[in-house]
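K.L.:
A structural model of the following input is requested.
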Amino acid sequence: MVPIVEVKGARIPAIGLGTMTLKGDVCVEAVNAALKMGYRHLDTAVFYGNEAEVGEGIRKSGVSRDEIFLTTKVPHSDLAPGDFEASVEGSLKRLGLPHVDLLLIHWPNPDIPPPVYIPALCKAKRSGQTRHIGVANFTISLLEEAEALADEPIVNNQIETHPFVDHRTILAYCKGRGISVTGYCPLGRGRIPGNAVLERIAKTHGKTEAQIALRFLVQEGVVPIPRTATPEKLKANLDIFGFMLADSEMTDIRRLAEPEGRIVKPPQSPKWDS
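P.N.:
All right, here's what the predicted structure looks like:
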């Protein structure tokens, strides 16, 4: 049974399936397999081009929609009035669902300020298109502005988190504000296997390096959403809740953070908190 993170009325399963780059039947079968395996948290986005497949995977699994926490995102290119609403409607149509559980702003847009789109995000919640709202890739200053503008609770900030990026500042802020954090790229896009520190800790616990990295994030207060379509890895990623990392092990993993450890660096990236 996957633990639940409860924040501002949202009940978010403590690990999810990320679906970026999963396409076609591969995506359908990954979602289907994950749900049958016990996953109850799915993450997609307009930008991923797979919302229809995620919806099909949900239906194929036979798992009740009410048991699933589903996230999608409005791209930074669709934040202007009219574009925002069309994006949300398109997402629901492709998913084949009347609502999602969490609707996020995928990235801030330096040319479209939060006062333009945060009201539209709140309206989507009031209209029933989403049960909860949040943001992704927001810095502390952007979160402060979003919360000041929002008349609905901001429940989540989705950011890049893995052992090689220092996320302590933004995590501390979100914790203080009662904002949950979802972590994408939690396995560092292939950098985890073979790391000496993670390998040593993995041997101590009889786990893989990937399981140690995911457990590290869970104990940091992050909800990781690793992406995989491989049944064995789906199962292994889910098996991270029956053990605890010691304080000394957590400290050793935190020391892996690098000044330039961030992987995802699109042009619309904000100036990250140090």
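K.L.:
Any idea which residue is closest to the centre of the chain?
P.N.:
Central residue of the chain (CA atoms, centre = their mean): Thr182, 3.8 Å from the mean position.
K.L.:
helix/strand/coil for it?
P.N.:
With DSSP: H, G, I helix; E, B strand; the rest coil as the basis, Thr182 sits in strand.
K.L.:
hang on, isn't it packed against Asp43?
P.N.:
Yes: counting by CB atoms under 8 Å, Thr182 does reach Asp43; the two are 7.2 Å apart. The way it works is simple: take the backbone N, C-alpha and C, and place the C-beta from them, glycine included.
K.L.:
Give the residues shared as contacts by those two.
P.N.:
Common neighbours of Thr182 and Asp43, counting by CB atoms under 8 Å, 6 or more residues apart in numbering, are 16, 71, 158, 225.
K.L.:
mind giving me CSV with these and columns for pLDDT and neighbour count?
P.N.:
Listed next are the shared contacts of Thr182 and Asp43 as CSV, based on pLDDT from 0 to 100; neighbours: other CB atoms under 10 Å:
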residue, pLDDT, neighbour count
Gly16, 98, 26
Thr71, 99, 26
Gln158, 98, 27
Ile225, 98, 24
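K.L.:
from those, which two are the most distant?
P.N.:
Comparing every pair within the shared contacts of Thr182 and Asp43 by CB to CB identifies Gly16 and Gln158 as the most remote, at 10.3 Å.
K.L.:
Common neighbours of those two, please.
P.N.:
43, 71, 182.
K.L.:
would you list every one of the helices in the stretch 151-274 of the chain?
P.N.:
Counting by DSSP state H, counting those that start in this stretch, one finds helices in the stretch 151-274 of the chain at the ranges 168-177, 196-205, 209-220, 231-238, 247-254.
K.L.:
quick one: average confidence on the longest one?
P.N.:
Okay, so that is helix 209-220. Averaging pLDDT along helix 209-220 gives 98.
K.L.:
so how far is that helix off the chain centroid?
P.N.:
In terms of CA atoms, centre = their mean, to the nearest Å, the centre of helix 209-220 is found 15 Å from the chain centre.
K.L.:
if we can go back for a sec, between the shared contacts of Thr182 and Asp43, which is closest to Leu238?
P.N.:
Nearest to Leu238 among the shared contacts of Thr182 and Asp43 is Gly16, at 10.3 Å by CB to CB.
K.L.:
Do I have it right that Asp273 meets Ile170?
P.N.:
Yes: using CB under 8 Å as the test, Asp273 is close enough to Ile170 to be in contact (5.4 Å).
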